[in-house]
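> This is the structure alone, sequence omitted:
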């Protein structure tokens, strides 16, 4: 377990985490919502390992972190109305569901060929994506059906033996990101979490 200061990213922790990801490893890392369990989205075995660690149904897709809106458009089909929403609310504590492009690994697409994408308002995952050069998987660091883990010591006790590295920056909130579908011509709230949802309720 390595400590990372979100306000001072210089040091060996993030380059070390990027090396682990590049080698096909699984890490725990902080986001603007909860701690995330992640890997390089091009590492299929690592994605399967994340599912095993969580005990997650293979039919349930997992989202991933992109660097910016240009990056998002590589992995998702973004309509004009969706782009306006993404530009307004990202970076932020939201996961947006969009139609996937062929660039998105099939293992991360839903049956409807959609994908969940995040641009967190947190420097650590953004720097990891930059250092790695690929998006990283983004699913909460807990077992499926169990409470979100917020304290670093609990992360180490529960997940330390199953991941290659834990990046910690202290205790984080309990609420995960809000999930918003932009697949149709109107936004739809799929999960209420962090972030202001009033805009989506009015437009739903």
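Cool, the structure landed. Just so it is clear, the model here is predicted, and its values are computed rather than measured.

> drop to CA atoms for contacts and neighbour counts, all remaining ones
Will do.

> which stretches of the protein aren't confidently modelled?
202-204 (pLDDT under 70).

> Relative to residue 84, how far out is residue 172?
From residue 172 across to residue 84, the span is 29 Å (C-alpha to C-alpha, to the nearest Å).

> Which neighbouring residues are in contact with residue 3, exactly?
13, 167, 168, 169 (C-alpha atoms under 8 Å, 6 or more residues apart in numbering).

> what's around the last one, how many residues?
The burial count assigned to residue 169 is 18, neighbours taken as other C-alpha atoms under 10 Å.

> Which residue ranges of the chain form helices?
With DSSP state H as the criterion, the chain has helices at 13-22, 44-54, 69-75, 80-89, 123-132, 152-159, 198-203.

> Who has more neighbours out of residue 172 and residue 84?
residue 172 (18 against 11).

> and the nearest residue to the more buried one once chain neighbours are set aside, how many residues sit next to it?
Nearest residue to residue 172, sequence neighbours excluded (C-alpha to C-alpha, 6 or more residues apart in numbering): residue 150, at 5.1 Å. Residues contacting residue 150 under the criterion other C-alpha under 10 Å number 20.

> go on, the one 10 residues further on?
The local packing count at residue 160 equals 16, with neighbours defined by other C-alpha under 10 Å.

> who's the nearest residue to it once chain neighbours are set aside bridged to?
Take residue 160 and drop its neighbours on the chain: the residue closest to it by C-alpha to C-alpha, 6+ apart is residue 166, 7.3 Å away. Beta-bridge pairing of residue 166 under DSSP bridges involves residue 28.

> Let me see the contact set for residue 166.
1, 2, 27, 28, 29, 155, 156, 160.

> just the buried members of those residues?
1, 27, 28, 29, 155, 156, 160 (16 or more other C-alpha atoms under 10 Å).

> how about these in JSON lines, adding distance to residue 19?
Formatted as JSON lines, the buried ones among the contacts of residue 166 follow (distance: C-alpha to C-alpha, whole Å):
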{"residue": "1", "distance to residue 19": "15"}
{"residue": "27", "distance to residue 19": "11"}
{"residue": "28", "distance to residue 19": "14"}
{"residue": "29", "distance to residue 19": "14"}
{"residue": "155", "distance to residue 19": "21"}
{"residue": "156", "distance to residue 19": "20"}
{"residue": "160", "distance to residue 19": "18"}
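
> Out of the residues you listed, which is nearest to residue 47?
When those are compared for distance to residue 47 (C-alpha to C-alpha), residue 27 wins out at 11.2 Å.

> who touches the closest residue to the closest one other than its chain neighbours in this structure?
Nearest residue to residue 27 in three dimensions, chain neighbours excluded: residue 165, at 4.8 Å (C-alpha to C-alpha, 6+ apart). By C-alpha under 8 Å, 6+ apart, the residues touching residue 165 are 1, 2, 17, 20, 26, 27, 28.
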